[in-house]
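Participant: Everything below, folded, please.
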Amino acid sequence: MNLGARRMAAASSEEAAFEALFTSEYARVVRIANRVLADAHESEDVAQEVFIDFHRLHSAKADYAPAWLHRAAAHASLNRLRGARRRQKREVAHAQQEGERELDPQQQAELNEDRRHLRAALGRMAPRPAAVLVLRAGGLSYAEVAQALGVGIGQVGTLLRRAEATLRKEVTRGTSD
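Facilitator: Sure thing, here's the model as predicted:
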């Protein structure tokens with residue numbers, strides 16, 4: 001087999017591996033992003049960016065691929081959350097969607113306010129504790145969270161408890177301001 005044929009076979013194999021990775025992890029990456037952003041379209045945008053970055057920088061055959069994608073989804077989502085203009089646009093769109101449900105207007109206003117305070121508190125947190133919360137709330141197991149963050153599985157519970165305590169403090173601080 002000549003050099004050109006080997007390169008084409010390797011490229012084809014890499015593309016097949018990336019397609020398999022994309023198929024197996026796309027829904028989870030979108031769910032992680034959606035847990036933070038509460039906007040399906042923006043979550044899909046984050047997922048696309050994460051997969052493009054991964055494809056540009058790494059081999060789809062890498063053992064760490066799922067963990068990298070999960071962590072990148074959490075961080076990219078949190079970065080978007082911290083953007084004031086995007087936050088305002090997302091909350092308006094979310095409020096319109098929530099308005100279609102039949103809830104008491106007072107309950108709806110309280111729910112929207114609670115969500116706004118929670119997202120603002122997440123945005124004020126350091127990236128690692130916020131990522132722990134987002135990954136776990138996104139449905140990842142302790143083992144998957146550990147792999148995504150590059151820590152031992154025994155550390156996840158401690159990190160999660162500390163992150164929850166920090167979130168409670170941030171929520172309390174945000175509501176008292």
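Participant: And the helices in this protein, which stretches?
Facilitator: 3-37, 40-57, 65-82, 84-99, 105-124, 127-137, 142-149, 153-176 (DSSP state H).
Participant: Pull the distance from the longest one to the chain's centre.
Facilitator: The gap between the average C-alpha position of helix 3-37 and the chain average comes to 18 Å, counting by CA atoms, centre = their mean, to the nearest Å.
Participant: need the helix or strand of this structure with the lowest average pLDDT.
Facilitator: helix 84-99 (a mean of 67; mean pLDDT, DSSP states H and E).
Participant: need the contact list for residue 81.
Facilitator: When contacts are counted by CB atoms under 8 Å, 6 or more residues apart in numbering, residue 81 touches 36, 37, 87, 119, 122, 123. Just so you know, the C-beta spots here come from the backbone N, C-alpha and C atoms, and that holds for glycine as well.
Participant: Low-confidence stretches in this protein?
Facilitator: Across the chain, the ranges flagged by pLDDT under 70 are 1-11, 84-87, 90, 98-103, 174-177.
Participant: Could you rerun that using 80?
Facilitator: 1-12, 81-105, 107-108, 174-177 (pLDDT under 80).
Participant: burial measure for the closest residue to residue 35 other than its chain neighbours, as a count.
Facilitator: The spatial neighbour of residue 35 that comes closest, neighbours along the chain excluded (CB to CB, 6 or more residues apart in numbering), is residue 138 at 4.6 Å. Using other CB atoms under 10 Å, residue 138 is surrounded by 23 other residues.
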